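Peer 1: no letters, just coordinates:
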């Protein structure tokens, strides 16, 4: 496990990646592209959301330990 700053950085990267994937999904959904592309990006987004949730749990535990 990294230090708190590393974890905060990783957490922010996941938040940014989710926003990026949301934007891509919106563009794909409003175009005539194949549904399989949208499904692939939805899966990537779910994976990044899971990673974000895990990092959030770690950060909460670190904050609780500091108190």
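Peer 2: Sure thing, it's come through. Owing to the predicted nature of the structure, the values given are computational and were not obtained by experimental measurement.
Peer 1: can you give me the helices for this structure?
Peer 2: All helices of the chain, identified by DSSP state H, fall at 4-29, 35-66.
Peer 1: can I get those in a markdown table including mean neighbour count and mean pLDDT?
Peer 2: (Glycine included, C-beta is placed from N, CA and C.) A markdown table is the format used below for those (neighbours: other C-beta atoms under 10 Å; pLDDT from 0 to 100):
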| stretch | mean neighbour count | mean pLDDT |
| --- | --- | --- |
| helix 4-29 | 14 | 90 |
| helix 35-66 | 13 | 91 |
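Peer 1: how about residues contacting stretch 24-44?
Peer 2: Applying C-beta atoms under 8 Å, 6 or more residues apart in numbering, the contact partners of stretch 24-44 are 21, 45.
Peer 1: distance of the residue nearest to residue 48 when sequence neighbours are not counted from residue 66?
Peer 2: In this structure, residue 48 finds its nearest non-sequential neighbour in residue 17, 4.9 Å apart by C-beta to C-beta, 6 or more residues apart in numbering. Here the criterion is C-beta to C-beta, to the nearest Å. By it, residue 17 lies 27 Å from residue 66.
Peer 1: any idea how far residue 67 is from the residue nearest to residue 48?
Peer 2: Distance of residue 17 to residue 67, given as C-beta to C-beta: 30 Å.
Peer 1: which residues touch the nearest residue to residue 52 once chain neighbours are set aside?
Peer 2: With C-beta to C-beta, 6+ apart as the criterion, residue 52 has its nearest non-adjacent residue at 3.9 Å, and that residue is residue 14. By C-beta under 8 Å, 6+ apart, the contact set of residue 14 is 48, 49, 51, 52, 55.
Peer 1: how about a cut-off of 10 Å?
Peer 2: 47, 48, 49, 50, 51, 52, 53, 54, 55, 56 (C-beta atoms under 10 Å, 6 or more residues apart in numbering).
Peer 1: distance of the closest residue to the fifth one other than its chain neighbours relative to residue 59?
Peer 2: Yep, that's residue 51 we're talking about. Closest residue to residue 51 apart from its sequence neighbours, by C-beta to C-beta, 6+ apart: residue 14 at 5.3 Å. Taking C-beta to C-beta as the measure, residue 14 and residue 59 are separated by 11 Å.
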